[in-house]
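S.K.: sharing a model prediction with you, sequence too.
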Amino acid sequence: MAKILIIEDENKIARFVELELKYEGYEVEIASDGRVGLEMALHNNVDLVLLDIMLPGLSGIEVCRRIRLDSSVPIIMLTAKDDVTDKVAGLNIGADDYMTKPFAIEELLARIRVALNRQSKMYQPKVDVLQIGELKLNLTSHSAFYGEDELVLTKKEFELLEYLLKNKNIAITREQLLNNVWDYEYLGDTNVVDVYVRYLRQKIDDKYGIHLISTVRGVGYIIKDEK
C-alpha cells in the first residue's frame, strides 16, 4: 500500500487524517515543520504528500517548490482559507490538487486515490506488441501478423482483437466489448460483437487451423493463453 506523508502543524488535523488513512490501509508519516517535511518528502520514498500551506520553518509553497526540483511525487495542498492566490500559487509550482480546510475526509480520500492512480499510470511500461502463440499485434504500426503472414484487418476488427488480448484469460461480456470497442453505451443489440468475432475467426482461426477466440456460454468471449 502507498506511503503518505502529512506535513501539517495542526496536531489534531494531522492525527485525524493519519487515523483515517491508516484505516484505509495506507502507511503514514507526519511532519509538523516545513523543513523536516521537505527532508522526509525527498528521502523517505513517499508516494504522496499532503502539504499544508501555513507551516513553521518553510511555507508549504516553498516546500512544494523545492520538492518539485527533485521529485514528481503527487502533492495535495491543504489551505485553511479559501484563498485563490494560494491555490494558484500552489498549482503553478507543481501541486497536483488542493483542498480547503475544513474538508470532508471522503473527498480527500477520493482525491488521494485519483492522484495515486494517475501517478501509477505514468510509470506503467507502454506495451507496443501483444502476442499469443504465433499471433502478434503491433499497436504502434496498427498491424497484425500470424507467423510471417500479415493479416488484413479492419479498424474495428483490430480494436476488438486488441481488447481481447489485453484482457486475455478473462471472460469479457458482449456489453463490455460494445462499450469499450465501439465506444457507445449498450442499447440492447450486441449482435455486432458476434458478427465481428465471426470475421476474426474466419481470418485467423479458420485460415490457420487454430482456436483463438472461445465463446463463454451466457457471458461472451475469451482468449486464453496457450498451454
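M.R.: Nice, I can see it.

S.K.: run the chain-centre distance for stretch 42-51.
M.R.: Stretch 42-51 sits 19 Å away from the centroid of its parent chain (C-alpha atoms, centre = their mean, to the nearest Å).

S.K.: if you count neighbours, what's buried in it?
M.R.: For stretch 42-51, a neighbour-count test (16 or more other C-beta atoms under 10 Å) marks 46-51 as buried. Just so you know, the C-beta spots here come from the backbone N, C-alpha and C atoms, and that holds for glycine as well.

S.K.: where is the longest helix in this structure?
M.R.: helix 105-122 (DSSP state H).

S.K.: quick one: which of the buried residues of stretch 42-51 is nearest R201?
M.R.: D47 (44.4 Å; C-beta to C-beta).

S.K.: ok now the following helix or strand past the longest helix of the chain, how far from the chain's centre?
M.R.: For helix 105-122, the succeeding helix or strand toward the C-terminus, using DSSP states H and E, is strand 129-132. Distance of strand 129-132 from its chain centroid, counting by C-alpha atoms, centre = their mean, is 22 Å.

S.K.: so how far is whichever helix or strand comes after strand 129-132 from its chain's centroid?
M.R.: Using DSSP H and E, the next helix or strand after strand 129-132 towards the C-terminus is strand 135-138. Distance, stretch centre to chain centre, for strand 135-138: 24 Å (C-alpha atoms, centre = their mean).

S.K.: residues in contact with strand 135-138?
M.R.: Strand 135-138 is contacted from outside by 128-131, 143-146, 158, 161-162, 165, 204, 212, using C-beta atoms under 8 Å, 6 or more residues apart in numbering.

S.K.: in strands, which of the residues you listed appear?
M.R.: Among those, the members falling in strands (DSSP state E) are 129-131, 143-146.

S.K.: confirm that L51 sits in a helix.
M.R.: No - read with DSSP: H, G, I helix; E, B strand; the rest coil, L51 is strand and lies in no helix.

S.K.: wait, isn't it in contact with I93?
M.R.: No - using C-beta atoms under 8 Å, L51 is not in contact with I93, being 11.1 Å away.

S.K.: common neighbours of those two, please.
M.R.: By C-beta under 8 Å, 6+ apart, the residues touching both L51 and I93 are C64.

S.K.: residue boundaries of the helices in the protein?
M.R.: 11-23, 34-43, 60-70, 84-92, 105-122, 155-166, 174-181, 191-200, 206-208.

S.K.: buried stuff in the first one?
M.R.: By 16+ other C-beta under 10 Å, the buried positions in helix 11-23 come out as 13-14, 17-18, 21.

S.K.: I223 is in contact with V197, correct?
M.R.: No - under the criterion of C-beta under 8 Å, V197 is not in contact with I223, lying 10.7 Å apart.
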